[in-house]
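>>> sequence plus predicted model, see below.
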Amino acid sequence: AEDPRAADLVAVSRGRVLTYGETSGEVSAGSVVFSLEGTRLTVRTPQGDVELRSRLLGRPNVRNILAAVATGIALGFSLEIVAKGIEACPQVPGRFEVVSEPEHPMLVLVDYAHTEDALRNLLHTAHDLRRALSSEGRLLTVFGCGGDRDRRKRAPMGETAGALSHLVIVTSDNPRSEDPEAILAEIEVGLMRTSTPYLKIVDRGEAIRMAIALAEPGDIVLIAGKGHETYQVLKDRIIPFDDREVARAALKERFGSGRNEVR
C-alpha cells in the first residue's frame, strides 16, 4: 500500500484486492522486535490481530512477512495456519546469516546484498539489530562490486557503506575480467565522500580475516555481496570461496573453540 504505484495497480485489477504495508494497508505491522533469534511482530488484519514469530530478520523481511500474511488470507487460510507457516519458514542461506557463535564477543553476518539499495537496507537492518541488542559496538562492513557489471553503482555503494558504517573494508567480489584494483578505486570515490575510515584489500579472504581481527567486543561484522555463493570468479578461473566458511575459520583462529576472550 505504501508503494507510490500501488494505486495504479489497484485501479486496473479485476480481482479482489488486499493491500499490505508496514504502516498502512489492510494488513500492516504493529510492534516489531528484532533479536538474534529472528523477528517478533504483531500483524493487523481484517480478521483481527495476530502475533507472529519468524527466523527472518530485517525490515525488508517484515514486508515479505506482511505479503505472505495477505496472500494467505486471500487464499482463505486461517490466521493460525498462516502463523504456523511463517514460523516454520527457515532462515534463507546467505541472507543476513549469522556465522558467529553465541560465545563469540562480536556478531558476524553474511548477506547477498550487492546493489546500493540492498546494501542500504542491509546496513539499516544491522543498526536495527544493534539497537535491539542494546549494543554500543561498531558496524564493520566488508564488501565489493562485481567485475564486468554496472560500474555506475560502485561509487554510490561506497558512499552508502561509508555513511552507515564505522569502518569499511572494500575488497573483491567476482572481479571477472576487470582489474580488481581498478574496481576498488571506483568504489573508493564514494567512500571518500564520507568521513568513515576504510581499508582497501584486494584479497577477499584477507579482508574478512582483517575485519574479524579488528572487531572488538560488541561489534557487528557485516560481510556483503556474495551471501550463499561458494565461488569467486577471477579473470582466468573460478575458485572455491565461501564467505561463511572463511569467516568461521577466522573466528576459530582468533578465539579457538569455546573461548570468548579476545587475544
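Received, thanks. Numbers count the residues shown, from 1 in each chain.
>>> now do stretch 68-84: distance to the chain's middle.
26 Å (CA atoms, centre = their mean, to the nearest Å).
>>> list of residues touching stretch 190-197?
154-163, 165-168, 170, 198 (CB atoms under 8 Å, 6 or more residues apart in numbering). Bear in mind the C-beta positions are built from the backbone N, C-alpha and C, glycine included.
>>> rerun at 10 Å
Stretch 190-197 is contacted by residues 116, 139, 141, 153-170, 184, 198, 200 when judged by CB atoms under 10 Å, 6 or more residues apart in numbering.
>>> end-to-end on that stretch?
12 Å (CA to CA, to the nearest Å).
>>> got the buried residues for that stretch?
190-191, 194, 196 (16 or more other CB atoms under 10 Å).
>>> stretch 116-125 too?
116, 118-123, 125.
>>> between those residues, which sits nearest residue 80?
residue 125 (28.4 Å; CB to CB).
>>> report the separation between the closest one and residue 227.
14 Å (CB to CB, to the nearest Å).
>>> now do the shared contacts for the two.
Joint contacts of residue 125 and residue 227 (CB under 10 Å, 6+ apart) are 96, 111, 113.
>>> pretty sure the second one is touching residue 224, no?
This points to residue 111. Yes - applying CB atoms under 10 Å as the test, residue 111 and residue 224 come out as touching, 5.2 Å apart.
>>> any shared contact partners between these two?
96, 118-119, 122-123, 126, 143, 243.
>>> identify the residues contacting residue 228.
92-95, 97, 110-112, 242-244.
>>> run the last query once more with 6 Å
Contacts for residue 228 (CB atoms under 6 Å, 6 or more residues apart in numbering) come out as 93-94.
>>> and it, how close does it get to residue 31?
Counting by CB to CB, the gap from residue 228 to residue 31 is 31 Å.
>>> residue 43: what's it in contact with?
Residue 43 sits next to 50, 52, 69 when contact means CB under 6 Å, 6+ apart.
>>> check for me that it belongs to a helix.
No - assessed with DSSP: H, G, I helix; E, B strand; the rest coil, residue 43 is strand; it does not lie in a helix.
>>> mind listing the residues bridging to it?
In this entry, residue 43 is beta-bridged to residue 29, residue 50, by DSSP bridges.
>>> give me the pLDDT for it.
pLDDT recorded at residue 43 is 98.
>>> go on, residue 204?
Looking at residue 204, its pLDDT stands at 99.
>>> count of residues packed around it?
25 (other CB atoms under 10 Å).
>>> so how far is residue 168 from it?
For residue 204 relative to residue 168 (CB to CB), the value is 14 Å.
>>> repeat for residue 84
In terms of CB to CB, residue 84 sits 41 Å off from residue 168.
>>> those two: who's more crowded?
Shown here are residue 84 and residue 168; by other CB under 10 Å, residue 168 has more neighbours (29 against 12).
>>> show me the strands in the stretch 151-263 of the chain, by range?
Here the stretch 151-263 of the chain has its strands, by DSSP state E, counting those that start in this stretch, at 167-170, 198-200, 220-224, 231-233, 238-240.
>>> for residue 179, grab phi and psi.
Dihedral pair for residue 179: phi -70, psi 120, per degrees, to the nearest 10.
>>> any idea how far it is from residue 126?
From residue 179 to residue 126 the distance is 30 Å (CB to CB).
>>> ok, now residue 118?
Per CB to CB, residue 118 is found 13 Å from residue 126.
>>> and the spatially closest residue to residue 132 that is not a sequence neighbour, which of the three is it?
Nearest non-adjacent residue to residue 132, counting by CB to CB, 6 or more residues apart in numbering: residue 34, 4.3 Å away. Here residue 34 takes the strand state, with states given by three-state DSSP.
>>> ok, how many other residues are close to residue 34?
By the criterion of other CB under 10 Å, residue 34 has 21 neighbours.
>>> cool, and residue 140?
24.
>>> is it true that residue 64 lies in a strand?
No - counting by three-state DSSP, residue 64 is located in no strand; its state is helix.
>>> what residue ranges in this protein score low on pLDDT?
258-263 (pLDDT under 70).
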